[in-house]
Structure formats: C-alpha cells, structure tokens
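1. below: sequence and its predicted model.
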Amino acid sequence: MSLKLEEKPREKLVQHGAESLTLSELMALIIETGTKNESVISVANRIVMRFRELDSVEQATIKELNKK
C-alpha cells in the first residue's frame, strides 16, 4: 500500500515544516524504512504506542524495540 504524497512524512516535512508532523511521522523519518511485512509508518506507530515518549524510546534496548 502506497501513501499519498501529502501523507509521506518527508514530503510533509518539506512542505509544512517539522511542527506539522506527528510523533509517529518524526519516528518514521528517523527509522527511514519498514520491513518486508510492515511499512515504516506502521513500525513507527507501534513504537510510539508502546513507549509513548521519546525518552522511553531512547532508553529501550534493541530487543524491546523489535517486540511486536
């Protein structure tokens, strides 16, 4: 499934600035790519829902980040 141009975080950042991005979109920009079975937006949403704050993500181990 392909995102509409205006829904893509990088394009949204360029067009509207960083303040227009959600935490999940910012996370997606940091992650850059998804997996074979999960889009980068989906991965970012899962991480944000699990950890709630960037400080918690920063403290997380790779094992914790990879948990589904």
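-> Sure thing, it's come through. Residues are numbered from 1 along each chain as shown.
2. now the helices: where do they sit in this structure?
-> 9-16, 23-31, 40-51, 54-59, 62-66 (DSSP state H).
3. sketch out the low-pLDDT regions of the protein for me.
-> In the predicted model, the chain carries pLDDT under 70 at residues 1-7.
4. returning to what we had before: next, format the helices of the chain as TSV and append mean neighbour count.
-> Using the backbone N, CA and C atoms, a C-beta is placed for each residue, glycine as well. Listed next are the helices of the chain as TSV, based on neighbours: other CB atoms under 10 Å:
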stretch	mean neighbour count
helix 9-16	14
helix 23-31	18
helix 40-51	18
helix 54-59	12
helix 62-66	10
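5. output stretch 32-41 as PDB, nothing but the C-alphas.
-> The C-alpha trace of stretch 32-41 is given here as PDB (Å, rounded to 0.1, in the frame of the first residue of the first chain):
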ATOM      1  CA  GLU A  32      13.700   5.500   7.400                       C
ATOM      2  CA  THR A  33      12.400   2.100   6.200                       C
ATOM      3  CA  GLY A  34      10.000  -0.500   7.300                       C
ATOM      4  CA  THR A  35      10.200  -4.300   6.900                       C
ATOM      5  CA  LYS A  36       9.100  -6.700   4.300                       C
ATOM      6  CA  ASN A  37       5.800  -7.100   6.100                       C
ATOM      7  CA  GLU A  38       5.400  -3.700   7.800                       C
ATOM      8  CA  SER A  39       5.600  -0.100   6.500                       C
ATOM      9  CA  VAL A  40       7.800   2.400   8.200                       C
ATOM     10  CA  ILE A  41       4.700   4.300   9.400                       C
END
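6. what's the distance between the spatially most distant residue from the centre of the chain and E58?
-> Here the chain reaches farthest from its C-alpha mean at Q15, the gap being 18.0 Å by CA atoms, centre = their mean. Applying CB to CB, to the nearest Å, the value for Q15 to E58 is 28 Å.
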